[in-house]
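In: Any chance you could fold what I've pasted below:
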Amino acid sequence: MAPKGVTPKVFSHKTSPCIKVYGGVPIHGCTPLFEVTGTTDMVSSFVVGTTKSKRGGVTSMEYAYDVLPLFFKEGKRLFQGKPWTFQQDGDGAHISKLTLKQLEDLGSEQNVHVMLDWPPMSPDLSSIDNLWALLDMKVEASHPTTLEQLRAHMRKAWEELSEGEVVRHLFHSMPRRMKLVLEKGGGLIEY
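Out: I've put the predicted structure just below:
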């Protein structure tokens, strides 16, 4: 429901609302979703001059200074001070010099192991990619027509997925997936 005096914008199929998010998936509970640049009507404070992402998404500056601190704060909460490992894919914003320096600083401050050597597109070995696909299916099935509806349906679907057995199942499938990838010589598997 829109606040009083605000009329929600209704989108056609040609101008569908878009929300771009980051989220973390440890085995025992997910982080909240973090909205980032690329979301309809959202512009990063870092999108100026040459720092604008060529893809229209998150820049290295936004990722390093806005997103990473949120992940590390949530990691501290979820792992309750115990050691943990931060893993991400090799997306350009994730591996820029600025981001790598920020990861080094945040990791050493909080005694977090940062796994840096990870392929940019490895859905067979990344449980979150499966979770994103499930989230997309649930949200699409709800047929949101406004940005507010999309945001509400996305958050509800994320909560349902992260609180159920889905995340645990995805983590427990990793040994089987790793074995299959090794058998295929690093090739794609059907998962």
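
In: Which of the residues in the host helix or strand of residue 149 are classified as buried?
Out: In this assignment (DSSP states H and E), residue 149 forms part of helix 147-163. In terms of neighbour count (16 or more other Cβ atoms under 10 Å), helix 147-163 has its buried residues at 147-151, 153-154, 157-158, 161-162. Yep, even glycine has a C-beta here, placed from its N, CA and C like the rest.

In: Kindly export whichever helix or strand comes after that helix (C-alpha atoms) in CSV.
Out: Towards the C-terminus, the helix or strand next in line after helix 147-163, according to DSSP H and E, is helix 166-172. In CSV, the C-alpha atoms belonging to helix 166-172 read as follows (Å, rounded to 0.1, in the frame of the first residue of the first chain):
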residue,chain,number,x,y,z
VAL,A,166,15.4,-25.3,0.5
VAL,A,167,18.7,-23.7,1.7
ARG,A,168,19.7,-26.7,3.7
HIS,A,169,18.9,-29.0,0.7
LEU,A,170,21.0,-26.9,-1.6
PHE,A,171,24.0,-27.0,0.8
HIS,A,172,23.7,-30.7,1.3
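
In: And helix 166-172, how far out from the chain middle?
Out: Relative to the centre of its chain, helix 166-172 is centred 17 Å away, using Cα atoms, centre = their mean, to the nearest Å.

In: Check what contacts that helix and list those residues.
Out: 25, 27, 30, 127, 130-131, 134, 161 (Cβ atoms under 8 Å, 6 or more residues apart in numbering).
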